[in-house]
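Trainee: sequence unknown, structure follows:
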């Protein structure tokens, strides 16, 4: 890594998480340490997956980045801003496990929602939503209502909505978790294409190992109670254009899948300290 | 009277695209069936009434000292056709006599007008309270018990109070009139379901929607108008229907206890006093009250049709 690129990476890191702890205080002062000593840097345009068993705090970490919750200690900066400022400046787009579309709005109006809330003019909104609809392949359903769409289509609308303001960072919390396997794989392929086209950095929470490997430049493996980053694995499966359906049959793909699996199950990893081998 | 809104909810999936196309025939049949059942229900009531009147003992069914079913004399239970026939007779024999149906209709329009004013005021107050309670948790714990308590005060007790307070109001050319007291009492009954229903509705958006709006960095007001109010419509419509019924009842009862002339409430009392000589006439203003209730319910049903876009997620009851 050359000095110049290292310097610029530090300056404009899409996401910088430093020494973050999150402790929830429950009833009777019982405390739960959801996250402990989290350190994570995501470069612009990089696709990073958070993977781990339930309760490892991966969704909590995403919520902290989105400023939907605040860390107990430590700092989070998004493009050099505090998480709060980044939220107010709309530096990120977010998609959840449920599509969360407003049922009384058409597909178009749902995609235009963030633009409308931020005072973008009608003509510009129309143009943007048409663009996004064709990006997620739903141009024919522009005037449909969410209850007329399948789950996969709703999720695509939600992704289009998260892209509406061309964010440089996308936060996704198991967006394909509720979909069937076939829809899921198609959506993954589309997501790789879409993020490559938009050049956005992505933090992607999942508990599917193949999904994490297929999508990511790096896979962050987390362990529960307390939530910690156990290891970070760099997946080198080529650029977005090379990540086609054939990749799922690829030798290197399976190799990475088993590496992640070993890390998840806590067996001593041999020579794959992700961070150092970059 | 609940048939119309639920039918529009049931037709949900095909709605936006369903033109005057092929689905119309089965839908038309369903509507006809619904109307037939509605008419059948009324007819059944008439048949039961007449059947009991024909077969029941003249002194009523008495168990011990307790009359559990009414007398069947013409005085206690006039024939249905007499009640209807009386509508087309004259109100009296004097110079101001007019057909009973016309007098009832005029009174019904008057009552409907007062009830509408009360309903609008009650809905406005109810919505304001709900928004206040949604915004401030403390307001909810401070105000909600009082809202519930307010409904335990008997109407008869507050009617004279409202009238006396109102008569002390004076600014400029404005003078408080009795019909305003009646409207206030109607709104007193109408605001309750609205405040409770709207509060539930305003709090109904899923956490995911609320967080989405937070992630957009928009304030509470924008969230209120873009998310909470539209989401509250399915909760609000039944509340508005209840409020309409309450406003009509409140108006009729308050007309009686305040002594406001011109409305159905006063007419019920007046005609009831003539019941011994003219038992069928007593029922005319009661039919009028029913008509007022039906018009009010129909208005809410219309409102539901206008707002159907916001009821897409609603599960037909």
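Mentor: Everything's here; your move. All of these numbers come straight from a predicted model, not from anything done at the bench.
Trainee: biggest helix in chain A by residues?
Mentor: helix A:181-198 (DSSP state H).
Trainee: any residue of whichever helix or strand comes after that helix touching chain B?
Mentor: Next helix or strand after helix A:181-198 toward the C-terminus (DSSP states H and E): strand A:201-206. No - Strand A:201-206 is not in contact with chain B by C-beta under 8 Å from any C-beta of the partner chain; minimum separation 13.6 Å. Glycine gets a C-beta too; all of them are placed from N, C-alpha and C.
Trainee: go through the longest helix of chain A and flag the buried ones.
Mentor: Buried residues in helix A:181-198, counting neighbours by 16 or more other C-beta atoms under 10 Å in any protein chain shown, are found at A:183-189, A:191-192, A:194-195, A:198.
Trainee: any idea of the mean pLDDT for stretch A:75-94?
Mentor: For stretch A:75-94, mean pLDDT rounds to 86.
Trainee: what about the closest residue to chain A within the stretch 51-200 of chain B, neighbour count?
Mentor: Residue nearest to chain A within the stretch 51-200 of chain B: residue B:198 (16.7 Å; C-beta to the nearest C-beta). By other C-beta atoms under 10 Å in any protein chain shown, the residues close to residue B:198 number 27.
Trainee: SS state for the nearest residue to it once chain neighbours are set aside?
Mentor: Once flanking residues are discounted, residue B:198 sits nearest to residue B:130: 3.5 Å by C-beta to C-beta, 6 or more residues apart in numbering or on different chains. Three-state assignment for residue B:130 (DSSP: H, G, I helix; E, B strand; the rest coil): helix.
Trainee: pretty sure residue B:130 contacts residue B:202?
Mentor: Yes - with contacts counted by C-beta atoms under 8 Å, residue B:130 reaches residue B:202, the gap being 5.9 Å.
Trainee: higher neighbour count, the two?
Mentor: residue B:130 (29 against 22).
Trainee: and that one, what does it touch?
Mentor: By C-beta atoms under 8 Å, 6 or more residues apart in numbering or on different chains, residue B:130 lies in contact with B:194-199, B:201-202.
Trainee: so residue B:194 sits right up against residue B:127, yeah?
Mentor: Yes - between residue B:194 and residue B:127 a contact is recorded at 6.3 Å, counting by C-beta under 8 Å.
Trainee: more neighbours, these two?
Mentor: Counted by other C-beta under 10 Å, residue B:194 and residue B:127 do not tie: residue B:194 has more neighbours, with 27 against 21.
Trainee: looks to me like that one is in a helix.
Mentor: Yes - assigned with three-state DSSP, residue B:194 falls within a helix.
Trainee: ok, the nearest residue to residue B:192 once chain neighbours are set aside to residue B:145 distance?
Mentor: Nearest-residue entry for residue B:192: residue B:151, 5.1 Å, with adjacent residues in sequence omitted and distances by C-beta to C-beta, 6+ apart. Distance, residue B:151 to residue B:145, by C-beta to C-beta, to the nearest Å: 11 Å.
Trainee: neighbour-wise, which of the two wins?
Mentor: Neighbour totals were compared for residue B:151 and residue B:145, and residue B:151 leads with 14 against 10 (other C-beta under 10 Å).
Trainee: give me the pLDDT for residue B:39.
Mentor: Looking at residue B:39, its pLDDT is 93.
Trainee: before we move on, which element is it in?
Mentor: Residue B:39 is located in helix B:24-55, with elements delineated by DSSP H and E.
Trainee: give me the next element, helix or strand, following that helix.
Mentor: strand B:61-63.
Trainee: ok so, going back, which ones are touching the residue of the stretch 51-200 of chain B closest to chain A?
Mentor: Applying C-beta under 8 Å, 6+ apart, the residues near residue B:198 are B:126-127, B:130-131, B:232, B:235-236, B:239.
Trainee: which helix or strand contains it?
Mentor: Using DSSP H and E, residue B:198 falls within helix B:178-202.
Trainee: so how far is that helix from its chain's centroid?
Mentor: Relative to its parent chain, helix B:178-202 has a centroid offset of 11 Å by C-alpha atoms, centre = their mean, to the nearest Å.
Trainee: next: stretch B:115-133.
Mentor: Distance, centroid of stretch B:115-133 to centroid of chain: 15 Å (C-alpha atoms, centre = their mean).
Trainee: what residues of it count as buried?
Mentor: For stretch B:115-133, by 16+ other C-beta under 10 Å, it's B:115-123, B:125-127, B:129-131, B:133.
Trainee: what mean pLDDT does it have?
Mentor: For stretch B:115-133, the mean per-residue pLDDT is 94.
Trainee: near chain B, which residues of chain A?
Mentor: The interface of chain A toward chain B, taken as C-beta under 8 Å from any C-beta, is made up of A:66-68, A:87-90, A:92, A:94, A:96, A:98, A:100, A:102-104, A:113-114, A:116-118, A:143-148.
Trainee: need the pLDDT of residue 181.
Mentor: Went with chain A since none was named. Reported pLDDT for residue A:181: 83.
Trainee: let me rephrase: I mean chain B.
Mentor: What the model reports as pLDDT for residue B:181 is 89.
Trainee: would you agree it is in contact with residue B:251?
Mentor: No - in terms of C-beta under 8 Å, residue B:181 does not count as a neighbour of residue B:251; the distance is 10.8 Å.
Trainee: settle it for me: which of those two has more neighbours?
Mentor: Neighbour count, other C-beta under 10 Å: between residue B:181 and residue B:251, residue B:251 has more, with 34 against 26.
Trainee: next up, the contacts around that one.
Mentor: Each residue near residue B:251 by C-beta under 8 Å, 6+ apart is listed here: B:111, B:114-115, B:118, B:182-183, B:185-186, B:263, B:265.
Trainee: now the phi/psi pair for it, please.
Mentor: Residue B:251 adopts backbone torsions of phi -70, psi -50, taken as degrees, to the nearest 10.
Trainee: measure it to chain A for me?
Mentor: Separation of residue B:251 from chain A (C-beta to the nearest C-beta, to the nearest Å) stands at 33 Å.
Trainee: buried residues in stretch A:105-124?
Mentor: A:105-117, A:120.
Trainee: can you check stretch A:158-175 too?
Mentor: Neighbour-count burial for stretch A:158-175 [16+ other C-beta under 10 Å]: A:158-165, A:167-175.
Trainee: report the central residue of chain B.
Mentor: residue B:245 (1.6 Å; C-alpha atoms, centre = their mean).
Trainee: returning to what we had before: which of the buried residues of stretch A:105-124 sits closest to residue A:39?
Mentor: Nearest to residue A:39 out of the buried residues of stretch A:105-124 is residue A:114 (C-beta to C-beta; 30.7 Å).
Trainee: who's in contact with residue B:303?
Mentor: Contact partners of residue B:303, counting by C-beta under 8 Å, 6+ apart, are B:237, B:240.
Trainee: A strand includes it, no?
Mentor: No - assignment of residue B:303 by three-state DSSP gives helix, placing it outside any strand.
Trainee: quick one: it and residue B:115, what's the gap?
Mentor: Per C-beta to C-beta, residue B:303 is found 15 Å from residue B:115.
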